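Novice: Okay, here's the prediction I keep looking at, along with the sequence it came from:
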Amino acid sequence: MRVFSNFEISASGLSAERLRLDVVANNIANAETTRTAEGGPYRRQMVVFEPRREQLQFMLPASLQALGGMRNPFGESDGADAPDATAALGGGSGLGQGVRVVSVIADQGPGRLVYEPGHPDADAKGYVAMPNVSLINEMVDMMSASRAYQANISAIESAKSMAQQAINIVGQSSAF
C-alpha cells in the first residue's frame, strides 16, 4: 500500500465536505430568492458523492520479488505474483480510495406558496412561489458536513502521528 494513501483518502473527504458546506451556505443565502435566471424560485442544491475507483498502486519490493519461492506477507505465492498481492489487499476492487464529487444537482422537491399579494412575483391569486429550502434541513446538513470534515482532520492527524512514530522507531533501530 502506498505510504500516503491515508492522507489522500482523508484529503478527498475534506475537499468533498468543504464543497458540501459551500453548497449549504449558498442554499441558506438563497432561502428567500423568488426569481432566478432560469425562471421561478431558487431550487435547493445537493452534492452527490461516490467512492473513488482508482486502483491501488501496490508493488512488492524488488528485493522480495528477486527471491524466488519466498512467501510474501499477503498470500502464499512468491514475489512473481505481485498482482495477487494487490487483490489480497482489496485493491482489485478499487474501493476504499476516498470519495469524489459526482455533481451538484437541484432538488426537484416542491417549494412552498406564501400569500403575499403585494410581492412583485405574486401570481394572480396573490401567492408567491418560494424556494424549497428548509433552514432546518440545511442546518442538519451543515452539522453533518462539519462533523465529517472534522473526522477527516482527525484521521489525518492520526496518520501523521503513526508515521512520525514509525520514523522514530526506524531511527532508533538504525542507531543500534
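Specialist: Yep, it's here.
Novice: Now do the SS call for residue 38.
Specialist: coil (DSSP: H, G, I helix; E, B strand; the rest coil).
Novice: what's the distance between it and residue 127?
Specialist: 20 Å (Cβ to Cβ, to the nearest Å). Every residue, glycine included, has its C-beta placed from N, CA and C.
Novice: Which one's more surrounded, these two?
Specialist: residue 127 (16 against 9; other Cβ atoms under 10 Å).
Novice: Pairing partners for the more buried one in the sheet, please.
Specialist: residue 115 (DSSP bridges).
Novice: my read: it touches residue 115, true?
Specialist: Yes. Residue 127 sits in contact with residue 115 when judged by Cβ atoms under 8 Å, with a separation of 5.7 Å.
Novice: Once you drop chain neighbours, what's closest to residue 126?
Specialist: residue 117 (3.3 Å; Cβ to Cβ, 6 or more residues apart in numbering).
Novice: so how far is the host helix or strand of residue 13 off the chain centroid?
Specialist: If you go by DSSP states H and E, residue 13 is part of helix 5-29. Averaged C-alpha coordinates place helix 5-29 at 6 Å from its chain's average position (Cα atoms, centre = their mean, to the nearest Å).
Novice: same question for it, mean pLDDT?
Specialist: In this model, helix 5-29 has an average pLDDT of 94.
Novice: Give the other helices and strands that that helix contacts.
Specialist: Judged by 3 or more Cβ pairs under 8 Å, 6 or more residues apart in numbering; DSSP states H and E, the packing partners of helix 5-29 are strand 45-51, strand 99-106, helix 135-175.
Novice: could you dump those to a markdown table with distance to residue 25 and mean neighbour count?
Specialist: Shown next, in a markdown table, are those (distance: least, Cβ to Cβ, whole Å; neighbours: other Cβ atoms under 10 Å):
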| stretch | distance to residue 25 | mean neighbour count |
| --- | --- | --- |
| strand 45-51 | 11 | 15 |
| strand 99-106 | 13 | 13 |
| helix 135-175 | 8 | 13 |
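Novice: For residue 17, which of these is the nearest?
Specialist: helix 135-175 (4.2 Å; Cβ to Cβ).
Novice: The closest one to strand 45-51, inter-axis angle?
Specialist: 30 degrees (axes from the mean of the first three to the mean of the last three Cα atoms, to 10 degrees).
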